[in-house]
Structure formats: C-alpha cells, structure tokens
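**Student:** here are the coordinates; sequence isn't available:
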Ligand code: APR
Ligand code: PHB
C-alpha cells in the first residue's frame with residue numbers, strides 16, 4: 001500500500017464524508033474499514049437531518065438524491081396527556097427546516113460517489129493498529145487476509161464509531177470519558193406502510209413512542225422498552241398494540257399497520273471522550289461521542305465534526321495550522337450542546353423505572369411550560385434544527 005496524507009479509520013458516514021471532502025480539495029487519503037461494504041450498507045440507523053447537515057451535503061455535491069427523495073420537515077410534534085399535541089414549527093420560528101432521509105441512503109450516496117472518484121477504501125481490514133501517533137510519521141497497520149500491510153501517513157482520522165480502536169490510543173492520563181447510561185432501550189421497526197405525514201414524539205404513561213419515516217412507503221416507529229426484553233417477546237401485533245396505545249386517538253387512528261421488515265432493540269446512552277485530538281490523531285463522529293437518539297443528533301454531530309476537521313486539514317495544507325489546533329475545542333462545544341439537548345429530550349419524554357410522583361409532576365410541568373412559552377419553543381426549535389456552525 002502506498003503512503004497517503006490522511007489515513008481514515010472507518011467507512012461509516014463520518015469516514016466516507018471526510019474522504020469525500022478531502023478528495024475534493026486534492027488531499028490524498030485512504031479509508032480502512034473492518035466490515036464489508038454490504039454489511040455497512042445494511043445497518044439501519046438514524047433519519048432526520050439538521051438544516052446544516054443538508055447544506056453540507058449539498059455543498060459537497062451529495063445532495064441530488066436527498067433533494068429528490070428526502071422529505072422536508074418543518075415541525076416537531078410532541079403528544080402527551082392523551083390528546084394534546086404540541087407542534088413547534090422551525091420554519092416559522094427560524095426560517096429553517098429538517099430533512100427526513102435515512103442514513104442508509106446517505107451511506108449509499110457516499111459509496112457511489114467514492115466509486116466515481118476512484119477512492120481508496122479497503123474493506124474487511126482486520127486488526128487495524130495505530131502507530132507513532134505523537135510523531136511526525138504516524139502509520140497504520142492492518143491485515144487484509146493476504147498478510148499485514150503498513151500505511152504511512154501524516155494524519156490519522158479516527159472515524160471508527162463507538163466500538164472502534166482509535167479512541168483507545170489516546171493515553172489514559174490525557175483522556176477523560178463522560179458516560180450516562182439510560183435504564184431503557186428503543187424497540188424500533190421498519191414497515192412497508194405509508195408513514196404518518198408528521199414526525200411525532202409521544203410521552204405516555206406506558207412509555208415513550210416515536211413515529212418517523214423513510215419514504216412514502218416506508219415507516220419507522222419506536223417504543224421505549226426494557227433492555228431486558230428480547231426481540232422474540234415482541235410480535236408485530238404486540239408492537240402495533242403498544243404503539244397505538246401510546247399515541248393520542250387523533251394520530252393512532254391514522255396509522256397504517258403491516259408486517260415489520262426489521263426489528264431491533266437499541267440501548268440509549270450518552271458518552272463523550274475528550275480531547276478529540278491527540279498528536280496527529282483526530283477523532284470524529286461516534287468514535288468520540290454517542291447521544292441517545294431522542295434529539296436526532298448522532299449523524300448530524302458526525303457531519304459537523306467532519307466539516308470542521310476537513311476545513312482544518314484543508315487550511316493546514318494551505319499553510320494555516322490554527323484550525324487543527326482548535327479542532328477539538330471547536331468540535332466539543334457543539335458536541336456538548338447536542339449531548340445536553342439529547343439528554344433533555346430523553347428526560348422530558350421517557351418514563352424512568354424509578355420515576356417518583358415528584359419527578360412525574362416536574363416532567364408534566366416541563367411539558368406544560370414548553371407548550372405555553374414561545375421562548376421555550378424557540379429554544380427547542382433552534383436546537384432541534386441545529387445551531388449555526390462556528
Ligand atoms: N477498524 C476499522 N474500522 C472499524 C473499526 C476498526 N477497528 N471499528 C469500527 N470500524 C468501522 C465500523 O465498522 C463502522 O463502519 O467504523 C465505522 C464507524 O461508523 P459509524 O458507527 O456509523 O459511526 P460514524 O461514521 O461516526 O457515524 C455517526 O450517526 O446516526 C448516528 O450512530 C449513528 O452511525 C451513526 C453515527
Ligand atoms: C428515525 O427516523 O429513525 C428517527 C427520527 C427521530 C429521532 C430518532 C430517530 O429522534
């Protein structure tokens with residue numbers, strides 16, 4: 001393997017978008033991914049894009065299919081106390097909208113673009129190890145099955161997700177991890193049925209529920225469930241019964257049910273690893289932080305990190321290294337904003353197993369306050385649609 005400027009670990013959305021943006025600026029890079037291409041494409045993940053993510057993808061020349069097939073959203077709907085549905089319109093409040101467009105599609109678009117530009121992406125790269133990160137001559141070794149290879153580079157971008165290896169190369173005395181694990185999960189299904197036309201979050205005494213979409217004939221629904229449940233415990237009938245019970249009648253009567261084509265139970269956690277840079281290693285996306293999905297921020301944060309990191313690397317090769325110096329602090333400011341917002345949305349909308357009568361009344365009061373205050377709604381809208389990039 002010939003040497004490169006930037007070795008990128010991980011071919012998820014973060015790694016592939018970084019590779020794309022660097023290539024457009026003429027900065028040579030190689031992506032190393034431990035899974036196969038079809039495995040990565042088969043992962044079902046998030047679906048709501050902030051306005052800045054939409055702009056970033058368009059500016060990168062990746063917006064054509066998103067604009068043709070994505071569904072523009074301008075309203076966050078929250079149901080609670082049976083019939084109340086609070087609608088917060090981000091376009092009226094901020095002149096900005098969101099886009100419903102699945103991460104799976106974005107991943108496909110990134111791989112198609114990579115094929116077109118002749119990107120160097122090594123799939124099924126096993127035993128990826130990072131070397132001499134603090135020196136001017138870092139390198140990465142990996143195994144392709146045909147023997148061990150070494151890739152020498154100038155920078156390493158750790159885009160290898162929450163279970164990746166990059167983060168663990170930052171020494172313990174430098175790194176701080178912040179963790180919060182929530183005592184429940186989300187049971188999610190995909191079904192080939194027409195979705196509700198709106199994005200609807202529900203707080204119900206039996207637990208949280210969410211109605212979302214992928215396209216006009218593909219719906220995505222979630223219900224809060226104990227992490228001790230097994231998927232086999234959740235027949236489609238049980239899922240639909242539970243979902244419909246948790247929604248107000250005005251909405252549940254509009255839901256079209258059908259067989260699920262995918263069903264999974266995902267844990268909810270918040271995690272931040274600081275700093276996001278050590279030596280010539282830079283972390284981006286889930287490699288550095290995880291948020292619970294309630295605020296729809298995971299993919300958007302990955303895109304923001306990559307936007308900052310690509311701009312910093314481009315400036316570095318043009319002779320200005322300040323962006324790389326500031327990368328960790330700049331990215332972490334946005335990360336903590338999203339971590340706090342996602343925690344707040346999670347706390348507002350779920351039933352916690354140890355929720356006391358006091359906690360319950362406080363949660364109801366918080367919902368009433370958001371429903372009655374234009375300022376609180378503006379705060380929700382501005383964070384949900386995404387704060388401006390710094
Ligand atoms: N070596 C090489 N590749 C690895 C390694 C490793 N040791 N460990 C993990 N990877 C790969 C994974 O297989 C995965 O394809 O890194 C990739 C990381 O991709 P994601 O987990 O998708 O993370 P990221 O690109 O940061 O995307 C952000 O947004 O919606 C959220 O969590 C969701 O995936 C999403 C994320
Ligand atoms: C999704 O469509 O999968 C989705 C939407 C909103 C969220 C989380 C997930 O907050």
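**Tutor:** Great, that's in hand. All values derive from a computational prediction rather than experimental measurement. Ligands and ions are numbered 1, 2, ... in the order given.
**Student:** okay, now the domains of the protein?
**Tutor:** In terms of domains, the chain is parsed into 6-50+101-178+269-344, 75-99+182-268+351-385 (source: automatic domain parsing).
**Student:** in what helix or strand does residue 76 lie?
**Tutor:** Assigned by DSSP states H and E, residue 76 falls within strand 75-80.
**Student:** with residue 85 instead?
**Tutor:** Per DSSP H and E: strand 84-89 holds residue 85.
**Student:** state the mean pLDDT of that strand.
**Tutor:** Per-residue confidence for strand 84-89 averages out to 94 on the pLDDT scale.
**Student:** residues contacting it, please?
**Tutor:** 74-80, 198, 200, 248, 250-251, 367, 370-371, 377, 380-381, 384 (CB atoms under 8 Å, 6 or more residues apart in numbering). For every residue, glycine as well, the C-beta is placed using N, CA and C.
**Student:** which residues does residue 60 contact?
**Tutor:** Contacts of residue 60 (CB under 8 Å, 6+ apart): 17, 20-21, 24.
**Student:** ok, those residues vs residue 211, which is closest?
**Tutor:** Lowest distance from residue 211 to the contacts of residue 60 (CB to CB) belongs to residue 17, with 28.1 Å.
**Student:** next, count neighbours for the spatially closest residue to that closest one that is not a sequence neighbour.
**Tutor:** Among residues not flanking residue 17 along the chain, residue 306 sits closest, at 4.8 Å (CB to CB, 6 or more residues apart in numbering). When counting by other CB atoms under 10 Å, one arrives at 28 neighbours for residue 306.
**Student:** helices or strands next to the strand or helix carrying residue 306 in the packing?
**Tutor:** Secondary structure from DSSP H and E places residue 306 in helix 298-317. Using 3 or more CB pairs under 8 Å, 6 or more residues apart in numbering; DSSP states H and E as the contact definition, the elements that helix 298-317 packs against are helix 13-24, helix 51-59, helix 322-349.
**Student:** number of nearby residues for the closest residue to residue 158 other than its chain neighbours?
**Tutor:** Distances taken as CB to CB, 6+ apart put residue 166 closest to residue 158, at 2.5 Å, once the chain neighbours are dropped. By the measure other CB under 10 Å, the count of residues near residue 166 is 26.
**Student:** and residue 166, backbone torsions?
**Tutor:** Backbone torsions for residue 166, taken as degrees, to the nearest 10, come to phi -60, psi -50.
**Student:** show me which of the contacts of residue 60 are buried.
**Tutor:** With neighbours counted by 16 or more other CB atoms under 10 Å, the contacts of residue 60 contain buried members at 17, 20-21.
**Student:** what parts of the stretch 151-300 of the chain come near ligand 2?
**Tutor:** On the criterion CB under 6 Å from any ligand atom, ligand 2 has as its neighbours in the stretch 151-300 of the chain the residues 210, 212, 220, 293-294, 296.
**Student:** out of those, who's nearest ligand 1?
**Tutor:** Ranked by distance to ligand 1 (CB to the nearest ligand atom), these are led by residue 293 at 7.5 Å.
**Student:** and that closest one, what is it in contact with?
**Tutor:** With CB under 8 Å, 6+ apart, residue 293 has these contacts: 46, 186, 222, 266, 268, 342.
**Student:** these in strands, which ones?
**Tutor:** Assignment to strands by DSSP state E places the following of the contacts of residue 293 there: 186, 222, 266, 268.
**Student:** before we move on, back to that, quick one: which of the contacts of residue 293 is nearest residue 69?
**Tutor:** Closest to residue 69, out of all of these and judged by CB to CB, is residue 46, at 16.1 Å.
**Student:** who touches residue 377 in this structure?
**Tutor:** Residues in contact with residue 377 (CB under 8 Å, 6+ apart) are 86, 88, 93, 370.
**Student:** now with 6 Å, please.
**Tutor:** residue 88 (CB atoms under 6 Å, 6 or more residues apart in numbering).
**Student:** my read is it is in a strand, agree?
**Tutor:** No. For residue 377, which was evaluated using DSSP: H, G, I helix; E, B strand; the rest coil, the result is helix, with no strand membership.
**Student:** per-residue pLDDT, it?
**Tutor:** In this model, residue 377 is scored at 98, pLDDT.
**Student:** can you give the distance of stretch 233-248 from its chain's centre?
**Tutor:** 26 Å (CA atoms, centre = their mean, to the nearest Å).
**Student:** name the residues of that stretch that are buried.
**Tutor:** 234, 239-240, 242-243, 246-248.
**Student:** distance to residue 60 added to the domains of the chain, as JSON lines?
**Tutor:** Converted to JSON lines, the domains of the chain look like this (distance: least, CB to CB, whole Å):
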{"stretch": "domain 6-50+101-178+269-344", "distance to residue 60": "6"}
{"stretch": "domain 75-99+182-268+351-385", "distance to residue 60": "15"}
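**Student:** which of those has the highest mean neighbour count?
**Tutor:** By mean neighbour count, with neighbours taken as mean count of other CB atoms under 10 Å, domain 6-50+101-178+269-344 ranks first of the domains of the chain at a mean of 20.
**Student:** now stretch 379-390, how far from the chain's geometric center?
**Tutor:** Computed by CA atoms, centre = their mean, the chain-centroid distance of stretch 379-390 equals 15 Å.
**Student:** can you name the residues in contact with it?
**Tutor:** Applying CB under 6 Å, 6+ apart, the external contacts of stretch 379-390 come out as 50-52, 76, 88, 90, 93-94, 96, 98, 330, 341.
**Student:** tell me how far stretch 35-53 lies from the chain's centre.
**Tutor:** On the basis of CA atoms, centre = their mean, stretch 35-53 sits 8 Å off its chain's mean C-alpha point.
**Student:** typo on my end, it should be stretch 309-317
**Tutor:** Taking mean C-alpha positions (CA atoms, centre = their mean), stretch 309-317 and its chain are 23 Å apart.
**Student:** now stretch 106-119
**Tutor:** In terms of CA atoms, centre = their mean, the centre of stretch 106-119 is found 19 Å from the chain centre.
**Student:** got the contact list for residue 93?
**Tutor:** The neighbourhood of residue 93, defined by CB under 6 Å, 6+ apart, consists of 378, 381.
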